[in-house]
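*Asks:* Just need the structure, nothing else, for what follows:
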Amino acid sequence: MFDSLGDKFEAVFKKLRGQSTLSETNMKDALREVRLALLDADVNYKVVKDFATAVQVRALGAEVLKGVNPAQQLIKIVHDELVTMMTGEGTNPDRPFVVQPGKMNTIMMLGLQGAGKTTFCGKLASYLAKKSCRPLLVACDIYRPAAIEQLKTLGKSLNIPVYARDTETPVVEIVRGALAQAKESGRDVLIIDTAGRLHIDEVKMDELIAVRDQFHPDYTFLVADAMTGQDAVNSAMAFNEQVGIDGVCLTKMDGDARGGAALSIKAVTGKPIVFVGTGEKSDNLEQFHPDRVAKRILGMGDVVSLVEKAQEAIDESEAMDMQDKLASGTFSYDDFVKQMRTIRKMGSLKGLLGMLPGVGAMLKDVDNEMLDRELGKTESMIQSMTAEERRNGTLVSKEGRRRDRIAKGSGRSLKEVNDLVRNFEQMRAMMQQMAGGAGGMMGGLGGMMGGMNPFGGGGPGMGGMPMPGMGGGPPMSKKMLRAQKEMIRQQQRELDANRPRPKKNRKRKR
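*Replies:* Predicted coordinates for the structure are as follows:
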């Protein structure tokens, strides 16, 4: 959702790269562009004004280093001020939410209708279950029976119990009964899904205040729709004034919203953003880290989040087995398919690649569905191979007739199959060199995403694009690089030599 803002910031920094130092003149022009970019992103006007003032004071003050590129100076200053804007003074940006072990943790969720509150409750329960918690969902939306059924369906799909009563039971009684059941069944987190409101001014908040006063929830979170921009900020202010909230959870962060709510909420309301929903699936939930968001906006990537996603998706024993295969050079097409499926578990491919520094800008015009389709085409070509060919990739590399059969079986062109084979060999060579380094499986996974070309040579500039590994092995020496280049050239020559050529029609001599 920050792509547009990131592009505008990049345009500002690009103009400064030709300057020798930061001055009052070029800073005035740059700050004007920064202000316009933030206002266009629907950031609160007062927040933009304070932000621009803080950047100007730091940029023209004693903190500016001589001899450093002005664009780099401004990027560092803007990054720090973005973090301050989203974090506030004297707060810990990485630990706004902690479940305390050994006690009952109660979380009350508030929000307007249509913000995705019930779905978010299911995502939060799934998130906590992966953290070794035992959540219990509580259906307290007695005004909308469909919400109760929706929560039951979510709980069933996630294998998480749901406590529900009929719509005539008061909310306070439902919460009291849920607490009793949670203690009996050994549950340690209670997630209360309250009724959604159409308009804050028209709705009585008595039942929410009653739950707050009688049960004293550990956390009261407002679920807001990021697509509504400053309306989400206004909702946070109203709920905080009438009920009191501890934080905000933003949904639909994967949409085309301009990002103003995420950048403004903390500065305007004083309440931090705790979680963000990044998709429709139950596992599309991330804890909000201002520093990481600021880096994404400025094109610095977010390798830490990428590593965390990989750690959740990758089984440790499988990772060790894969690393052994990489080191011994026995990595096969079957293993390649397993790696692609692992990446898909981590989320959208565009989102993952966008977390790598410098890659997000390259993918801004790439459709994520197209990326997934191309990965599906790659998998279809591999599945069209025989079991022996998938285990022993050299059979496909050396024999053109096998590639011709694979192309016909998968419905792809011969060129696409040839590109797949070539890029697979290049990727395997690169991963074999990385497998022995400190990055291990993480470095290999990063190398796979950078080295493969799932587009069959016709896609958006991914083949051979250098991407850093996630954790990374040691840098290759010049000798290793030369050896790798020669190996790639040799593989290309073998592919060209074995490629089927059309027969020429020769006229018979009379």
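*Asks:* okay, residue 425: pLDDT?
*Replies:* For residue 425, the pLDDT comes out at 82.
*Asks:* Got the phi and psi for residue 106?
*Replies:* phi -110, psi 130 (degrees, to the nearest 10).
*Asks:* Do a quick rundown of the strands in the protein.
*Replies:* According to DSSP state E, the chain carries its strands in the segments 105-111, 135-140, 162-163, 189-194, 219-225, 247-251, 273-277, 285-287.
*Asks:* CSV please, covering the ones you listed and showing distance to residue 398, mean neighbour count and mean pLDDT.
*Replies:* Yep, even glycine has a C-beta here, placed from its N, CA and C like the rest. What follows is the strands of the chain, written out as CSV (distance: least, C-beta to C-beta, whole Å; neighbours: other C-beta atoms under 10 Å; pLDDT from 0 to 100):
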stretch, distance to residue 398, mean neighbour count, mean pLDDT
strand 105-111, 60, 24, 92
strand 135-140, 55, 26, 94
strand 162-163, 58, 22, 94
strand 189-194, 57, 26, 94
strand 219-225, 56, 25, 89
strand 247-251, 52, 27, 87
strand 273-277, 49, 23, 87
strand 285-287, 45, 20, 84
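*Asks:* For residue 28, find the nearest of those strands.
*Replies:* Nearest to residue 28 among those is strand 273-277; the distance by C-beta to C-beta comes to 31.6 Å.
*Asks:* Can you list the strands that that closest one pairs with?
*Replies:* strand 247-251 (parallel), strand 285-287 (antiparallel) (DSSP bridges).
*Asks:* can you redo the strands of the chain as CSV with distance to residue 411?
*Replies:* Listed next are those as CSV, based on distance: least, C-beta to C-beta, whole Å:
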stretch, distance to residue 411
strand 105-111, 47
strand 135-140, 45
strand 162-163, 45
strand 189-194, 46
strand 219-225, 41
strand 247-251, 39
strand 273-277, 37
strand 285-287, 37
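*Asks:* Please identify which of these is closest to residue 52.
*Replies:* Of all the strands of the chain, it is strand 273-277 that lies closest to residue 52, at 21.8 Å by C-beta to C-beta.
*Asks:* so how many other residues sit close to residue 321?
*Replies:* 13 (other C-beta atoms under 10 Å).
*Asks:* a markdown table please, covering the strands paired with strand 273-277 and showing distance to residue 172.
*Replies:* Shown next, in a markdown table, are the strands paired with strand 273-277 (distance: least, C-beta to C-beta, whole Å):
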| stretch | distance to residue 172 |
| --- | --- |
| strand 247-251 | 23 |
| strand 285-287 | 29 |
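*Asks:* which one of the ones you listed lies closest to residue 275?
*Replies:* Going by C-beta to C-beta, the one of those nearest residue 275 is strand 247-251, 4.4 Å.
*Asks:* Run the angle between the closest one and strand 219-225 for me.
*Replies:* Interaxial angle, strand 247-251 versus strand 219-225 (axes from the mean of the first three to the mean of the last three C-alpha atoms, to 10 degrees): 30 degrees.
*Asks:* Extract the C-alpha trace of strand 247-251 and format it as CSV.
*Replies:* Only the C-alpha atoms of strand 247-251 are listed here, as CSV (Å, rounded to 0.1, in the frame of the first residue of the first chain):
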residue,chain,number,x,y,z
GLY,A,247,-4.0,0.1,20.3
VAL,A,248,-5.2,-0.1,16.7
CYS,A,249,-5.3,-3.1,14.3
LEU,A,250,-5.4,-2.1,10.6
THR,A,251,-7.1,-4.4,8.0
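*Asks:* the inter-axis angle of that strand versus strand 105-111?
*Replies:* 60 degrees.
*Asks:* So which residues make contact with strand 247-251?
*Replies:* Outside strand 247-251, the residues that touch it by C-beta atoms under 8 Å, 6 or more residues apart in numbering are 96-97, 109, 115-116, 119-120, 124, 219, 221-226, 232, 236, 261-262, 265, 269, 271-277, 288.
*Asks:* Also stretch 74-93?
*Replies:* 9, 12-13, 16, 22, 30, 34, 47, 51, 54-55, 58-59, 63, 262-263, 266-267, 270, 272-273, 289-291, 293-295, 297-298, 300.
*Asks:* and those, which are buried?
*Replies:* 9, 12-13, 16, 22, 30, 34, 47, 51, 54-55, 58-59, 262-263, 266-267, 272-273, 289-291, 293-295, 297-298, 300 (16 or more other C-beta atoms under 10 Å).
*Asks:* Next one: residue 454, what pLDDT does it get?
*Replies:* In this model, residue 454 carries a pLDDT of 36.
*Asks:* just the one 10 residues further on next, same as before
*Replies:* pLDDT for residue 464: 33.
*Asks:* Name the spans of the stretch 151-300 of the chain whose pLDDT lies under the cut-off.
*Replies:* Scanning the stretch 151-300 of the chain for pLDDT under 70 picks out 198-204, 255-259, 299-300.
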